[in-house]
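J.: Attaching a predicted model along with its sequence, questions to come.
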Amino acid sequence: MEEIVRASWGDRFWAWLIDVLLVAIVWIGLASALKIDVSSPAGLGCFSAMLFIYWTALEGYRGQSFGKMVQNIVVIGADGERIGLKDSAVESLGKAFLLPLDCLIGWAAFKGQGQRAFNKLSNTIVASADEQ
C-alpha cells in the first residue's frame with residue numbers, strides 16, 4: 001500500500017467554500033421560487049439538509065464533491081479504498097450540521113492526523129487525488 005498524502009486544511013477549506021457557495025446559489029433560487037425565507041431556522045435547516053445530500057451523494061458515488069474536484073482532493077477510506085454512501089453520510093453529517101464542533105473535536109482529539117471528528121467516526125481521510 002502506498003502512503004496516503006492527506007489534503008491540507010487550506011485545500012479542504014477552499015473545497016468546502018466552493019461547495020457551500022454552489023449549493024447556496026441553488027438554494028436561494030429554489031427558496032425564492034417557493035417563497036421561503038432563507039435566513040429563517042427552517043430555511044437554514046433546509047440549506048444544511050441540501051449540503052448533506054449533496055456531499056453524501058457526490059462523495060459516496062465518486063469520492064469528490066465539485067469543490068474537491070477543483071482542489072484535486074478526494075475522500076477515501078483509511079486504507080485508501082473508495083467509500084460508499086454509508087461512510088459518506090456519516091462523514092457529511094458533521095460538515096453539514098455540526099462543522100465548528102466537528103473541527104474543534106477533531107483538532108483537539110486527533111492532533112496531527114488531519115481529521116475532523118466525523119472523518120474519524122466514518123473511518124475516512126481527505127487525501128490528495130494525485131496520490132490515489
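T.: Nice, thanks for sending it over.
J.: Now do the strands in this protein.
T.: When assigned using DSSP state E, the strands of the chain occupy the ranges 73-77, 124-128.
J.: Off-centre distance for the last one?
T.: Centroid separation between strand 124-128 and its chain, computed with C-alpha atoms, centre = their mean, to the nearest Å, is 11 Å.
J.: count of residues packed around Ala108?
T.: Per other C-beta atoms under 10 Å, the neighbour tally for Ala108 reads 9. Heads up, the C-betas are built off the backbone N, CA and C, glycines and all.
J.: likewise the one 5 residues further on?
T.: Close neighbours of Gln113, defined as other C-beta under 10 Å, add up to 13.
J.: Now for the nearest residue to Leu98 once chain neighbours are set aside: which residues touch it?
T.: In space, and not counting its chain neighbours, Leu98 is closest to Phe118: 7.6 Å by C-beta to C-beta, 6 or more residues apart in numbering. Shown in contact with Phe118 (C-beta atoms under 8 Å, 6 or more residues apart in numbering): 90-95, 98, 102, 106.
J.: Turn the residues you listed into TSV, columns for distance to Ser65.
T.: Formatted as TSV, the contacts of Phe118 follow (distance: C-beta to C-beta, whole Å):
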residue	distance to Ser65
Val90	16
Glu91	11
Ser92	9
Leu93	15
Gly94	14
Lys95	10
Leu98	18
Asp102	16
Gly106	19
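J.: where along the chain do the helices fall?
T.: 9-34, 41-62, 66-71, 85-97, 99-109, 117-122 (DSSP state H).
J.: how much does the fifth one deviate in direction from helix 85-97?
T.: Think helix 99-109. Interaxial angle of helix 99-109 relative to helix 85-97 (axes from the mean of the first three to the mean of the last three C-alpha atoms, to 10 degrees): 110 degrees.
J.: Alpha carbons only: can I get helix 99-109 in CSV?
T.: Provided in CSV are the C-alpha atoms of helix 99-109 (Å, rounded to 0.1, in the frame of the first residue of the first chain):
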residue,chain,number,x,y,z
LEU,A,99,-18.9,21.8,11.4
PRO,A,100,-17.4,24.0,14.1
LEU,A,101,-17.8,21.3,16.7
ASP,A,102,-16.7,18.7,14.3
CYS,A,103,-13.5,20.6,13.5
LEU,A,104,-12.7,21.5,17.2
ILE,A,105,-13.1,18.0,18.4
GLY,A,106,-11.0,16.7,15.5
TRP,A,107,-8.2,19.2,16.0
ALA,A,108,-8.2,18.6,19.8
ALA,A,109,-8.6,14.9,19.9
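J.: Fine, thanks again, bye for now.
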